[in-house]
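[1] Sharing a sequence plus its predicted fold:
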Amino acid sequence: MSLPPIPLAGVIGHPIAHSKSPRLYGHWLKRYGINGHYVPMDVASSDLAHVLGTLPRAGFLGVNVTIPHKEPVLDIADVISDRAALIGAANTLTFQSDGKLHADNTDGVGFIANLKQNAPEWKASDGTAIVLGAGGAARAIVAALLHERVPQILLANRTRARADALKAHFGAKVEVVDWNGISARLEEAHTLINTTSLGMSGKEDLKINLDPLPADALVTDLVYTPLTTSLLAQAHEKGCRVVDGLGMLLHQAAPGFERWFGQRPEIDEELRRDMLR
Ligand code: NAP
């Protein structure tokens, strides 16, 4: 009698050593007693297609992809989910049993699930969202907010052309605001989201005057190292509801874990504590 195959998944990036995904998936594998493995793989861009062609033959069920492969992988995938196509990038690849490579993007659903878990009364549809940044993460956030029927998005980015490109892609609900003029528009915010890398350990802080921001606005930051960025600390001081970015990382990983290992994973305090150790 042959033993069932050991389920394998992993994360592909270049570099990959900084990735928190192995710890996250490792936590869930242990918690649910699953005899599987989640492997970090440093793969150069020139090897990406070859590696993705080989992994299913080695028993891999799927992989997460991170920088710099999130966009190029769409050229390799056979099936692309609507949301990955809309965002123009994928982070969750599944090797289907019919041999096809399926590409999905769970960043947006992870972002929304994090807010719903930590601020259950918040609804995107209740008012204007201000999005700072226009990089890869911002595309996922804008798509997710529009899906949740946000009435308007004010988008500001240091390099205005990138914000204009997002507006051209996502349409009339997005208004581009000058990076230096954003404070003057904060009074309109129901939700304020930092999707830039400003505020990350080792980077400059996000310098923004929050005085005009309504005290009932919700403020969230995609940066999670440190967990409490200076934006979140300032907003908390004003009495705003704040949600840190660690939950988004945890929630965006859940669909892949469920798909590959057959178990919907819990996102709770025990997991957060483990991730922060
Ligand atoms: P990206 O595509 O490289 O975009 C970086 C963004 O930050 C751009 O809008 C860029 O503006 C802006 N920026 C960088 N340095 C700046 C500066 N000195 N002044 C003003 N703006 C600056 O990166 P990304 O993939 O969107 O990721 C952005 C952040 O989100 C990173 O910190 C990442 O770790 C975090 N993230 C978190 C999660 C999560 O699960 N919590 C998920 C995805 C990403 P320009 O266009 O002007 O360069």
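    Ah, there it is.
[2] can you tell if stretch 173-193 touches the ligand?
    No - contact of stretch 173-193 with the ligand (CB under 6 Å from any ligand atom) is absent, the minimum separation being 7.1 Å. Placement of C-beta: from N, CA and C, glycine included.
[3] Give me the mean pLDDT for that stretch.
    Here stretch 173-193 scores 97 as its mean pLDDT.
[4] go on, stretch 12-27?
    The pLDDT scores in stretch 12-27 average 96.
[5] Buried ones in it, by neighbour count?
    Neighbour counts over stretch 12-27 (16 or more other CB atoms under 10 Å) mark 12-14, 16, 19, 21, 24-25, 27 as buried.
[6] Now render these as JSON lines, adding distance to the ligand.
    Output for those, formatted as JSON lines (distance: CB to the nearest ligand atom, whole Å):
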{"residue": "12", "distance to the ligand": "16"}
{"residue": "13", "distance to the ligand": "12"}
{"residue": "14", "distance to the ligand": "14"}
{"residue": "16", "distance to the ligand": "14"}
{"residue": "19", "distance to the ligand": "11"}
{"residue": "21", "distance to the ligand": "10"}
{"residue": "24", "distance to the ligand": "11"}
{"residue": "25", "distance to the ligand": "14"}
{"residue": "27", "distance to the ligand": "16"}
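[7] what does the stretch 151-277 of the chain have sitting close to the ligand?
    When proximity is defined by CB under 6 Å from any ligand atom, the stretch 151-277 of the chain lies next to the ligand at 157-159, 162, 195-198, 200, 204, 222-224, 245, 248-249, 252.
[8] can you do 5 Å?
    For the stretch 151-277 of the chain, the residues in contact with the ligand (CB under 5 Å from any ligand atom) are 157-159, 162, 196-197, 222-223, 245, 248-249.
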